[in-house]
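K.L.:
Got a sequence here, can you model it:
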Amino acid sequence: MIMGDRGTGKSTTVRSLVDLLPEIKVVYGDPFNSDPEDPESMGMEVRESILRGEELPVATTKITMVDLPLGATEDRVCGTIDIEKALTEGVKAFEPGLLAKANRGILYVDEVNLLDDHLVDALLDSAASGWNTVEREGISISHPARFILIGSGNPEEGELRPQLLDRFGMHAQVGTVRDAELRVKIVEERARSALSSVQIDHELRVKISKVYAELNVDGLRGDIVTNRAAKALAALKGRDTVSAEDITTVIPNCLRYRLRKDPLESIDSGLLVIEKFYEVFS
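P.N.:
The predicted structure follows:
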């Protein structure tokens, strides 16, 4: 579980885990990522094939990361049974859901504290047993659902149910970086993949981040967007370097709506940004 301010890289950190974890062996073409050597992680069809003595194709693949959207339906998460096909043809036709795809992988829920209760219940059942069971009209299908559950969210947006919170093995709290130099390092790392002919001086980057840090803005998205917007404006004007004037033009639009709301503050947020800008850049 990773909780913290918005824009602090929680989702980016989680998605990078896939590249760090070792590859796994799976039965090729199996929707449940069945382990060819562990019966507890096999789908029923794979298990039956092994009992019949059949040789199954095996592949090595990266661990799968499955995103669970907040608006997902229960059928999308748990899977669904084709009742018509089951009744007319006498076969169990199952459409695997997200829990099936996440077997032996990672199930990631962004903004987990906003997840609907019915989806929380489905996660609790699977996390407790390691299996997902779908029942429709007297027809029941089970498959393995052993996954690493990772959630992230902003505690200001709501609390997490204690039953689900208990399913997370560890909890990490993430805060916004306040040091301007460190903020610049993060912004520059993010910008390396999108370098263009327009350059922005390191000193200007530091001053942009100092404005955000001194105004206690959560996250780093504002720093990144202001750098990009200033470069875009410079390119529009036919220049290959960013000036302080470019930053003056774009920073109010990038920053004012990100400020924390203060009911006792009488000054307009746009003016507050401009005042802080001239204080830092003077």
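K.L.:
Return the residues in contact with residue 29.
P.N.:
residue 57 (CB atoms under 8 Å, 6 or more residues apart in numbering). Where you see a C-beta, it was placed from the backbone N, CA and C, and this is true even at glycine.
K.L.:
mind starting the numbering at 56 from now?
P.N.:
Taking 56 as the first residue, the last one we looked at is residue 84.
K.L.:
now the strands for the stretch 156-305 of the chain?
P.N.:
Taking DSSP state E, counting those that start in this stretch as the test, the strands found in the stretch 156-305 of the chain are 161-165, 186-191, 194-199, 203-208, 227-229.
K.L.:
Residue 175 is nearest to which of the ones you listed?
P.N.:
Closest approach to residue 175 among the strands of the stretch 156-305 of the chain (CB to CB): strand 161-165, 9.5 Å.
K.L.:
Only alpha carbons, please: show stretch 121-136 as PDB.
P.N.:
Listed next in PDB are the C-alpha coordinates belonging to stretch 121-136 (Å, rounded to 0.1, in the frame of the first residue of the first chain):
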ATOM      1  CA  VAL A 121      -3.200  -5.800 -14.300                       C
ATOM      2  CA  ASP A 122      -4.900  -2.500 -13.600                       C
ATOM      3  CA  LEU A 123      -8.200  -2.600 -11.800                       C
ATOM      4  CA  PRO A 124     -10.200   0.500 -12.900                       C
ATOM      5  CA  LEU A 125     -12.500   2.100 -10.300                       C
ATOM      6  CA  GLY A 126     -15.500   1.900 -12.600                       C
ATOM      7  CA  ALA A 127     -15.100  -1.800 -13.400                       C
ATOM      8  CA  THR A 128     -18.100  -4.100 -13.200                       C
ATOM      9  CA  GLU A 129     -18.100  -7.200 -11.100                       C
ATOM     10  CA  ASP A 130     -18.200  -9.300 -14.200                       C
ATOM     11  CA  ARG A 131     -15.200  -7.500 -15.600                       C
ATOM     12  CA  VAL A 132     -13.300  -8.200 -12.400                       C
ATOM     13  CA  CYS A 133     -14.400 -11.800 -11.600                       C
ATOM     14  CA  GLY A 134     -15.200 -13.100 -15.100                       C
ATOM     15  CA  THR A 135     -18.500 -14.200 -16.500                       C
ATOM     16  CA  ILE A 136     -20.200 -17.500 -17.600                       C
END
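K.L.:
got the contact list for that stretch?
P.N.:
147-157, 160-166, 169-171, 173-174, 177, 187, 189, 191-192, 194, 196, 198, 202.
K.L.:
Dihedrals phi and psi, residue 209?
P.N.:
Per-residue torsions, residue 209: phi -110, psi 120 (degrees, to the nearest 10).
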